[in-house]
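**Student:** need a 3D model of the sequence below.
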Amino acid sequence: MCIQHPTISTMIDRMEAGGMVKKEKDSKDKRTSRVFITTKGNEAFKQVEKIWKVMEATATKGLTEEQEKKLLGLLQLVLKNLADQK
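**Tutor:** Predicted coordinates for the structure are as follows:
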């Protein structure tokens with residue numbers, strides 16, 4: 001996804017501050033932190049998932065199943081092309 005480690009760390013810190021996830025140090029390797037979703041985070045995920053499904057249905061309205069598959073394949077190729085750019 002071409003996201004740098006500090007960016008991910010900042011995102012996790014913000015989600016932790018918002019109560020969406022909790023971080024815990026690994027019991028065996030103190031250099032490692034484990035990230036767990038909280039109840040609040042899980043509820044937010046479910047809301048986003050519902051919205052995403054509505055957006056997906058709206059975006060693909062009128063497409064046949066074959067057209068949807070073709071679109072998905074094309075978008076995956078675009079994503080791969082963008083990910084390969086460094």
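**Student:** contacts and neighbour counts: CA atoms only from here.
**Tutor:** OK.
**Student:** strands of the protein, start to end?
**Tutor:** With strands called from DSSP state E, the chain shows them at 21-25, 33-37.
**Student:** give me the distance from the first one to the chain's centre.
**Tutor:** On the basis of CA atoms, centre = their mean, to the nearest Å, the separation between the geometric centre of strand 21-25 and that of its chain is 18 Å.
**Student:** what pLDDT, on average, does it get?
**Tutor:** When the per-residue pLDDT values of strand 21-25 are averaged, the result is 95.
**Student:** helices or strands up against that strand?
**Tutor:** In terms of contacts (3 or more CA pairs under 8 Å, 6 or more residues apart in numbering; DSSP states H and E), strand 21-25 is packed against helix 5-17, strand 33-37.
**Student:** cool, the last one as well?
**Tutor:** Counting by 3+ CA pairs under 8 Å, 6+ apart, the packing neighbours recorded for strand 33-37 are strand 21-25.
**Student:** in its sheet, what does the strand it packs on sit against?
**Tutor:** Strand 21-25 sits in its sheet next to strand 33-37 (antiparallel), going by DSSP bridges.
**Student:** ok so, going back, relative to Lys53, which of the helices and strands packed on strand 21-25 is closest?
**Tutor:** Each of these was scored for nearness to Lys53 using CA to CA, and the closest is strand 33-37 (21.2 Å).
**Student:** coming back round to it: for Asn81, find the nearest of the helices and strands packed on strand 21-25.
**Tutor:** Closest to Asn81 of these, according to CA to CA: helix 5-17, at 21.3 Å.
**Student:** now the closest one, how far from the centre of its chain.
**Tutor:** Using CA atoms, centre = their mean, we find the averaged C-alpha position of helix 5-17 to lie 13 Å away from the chain's own average C-alpha position.
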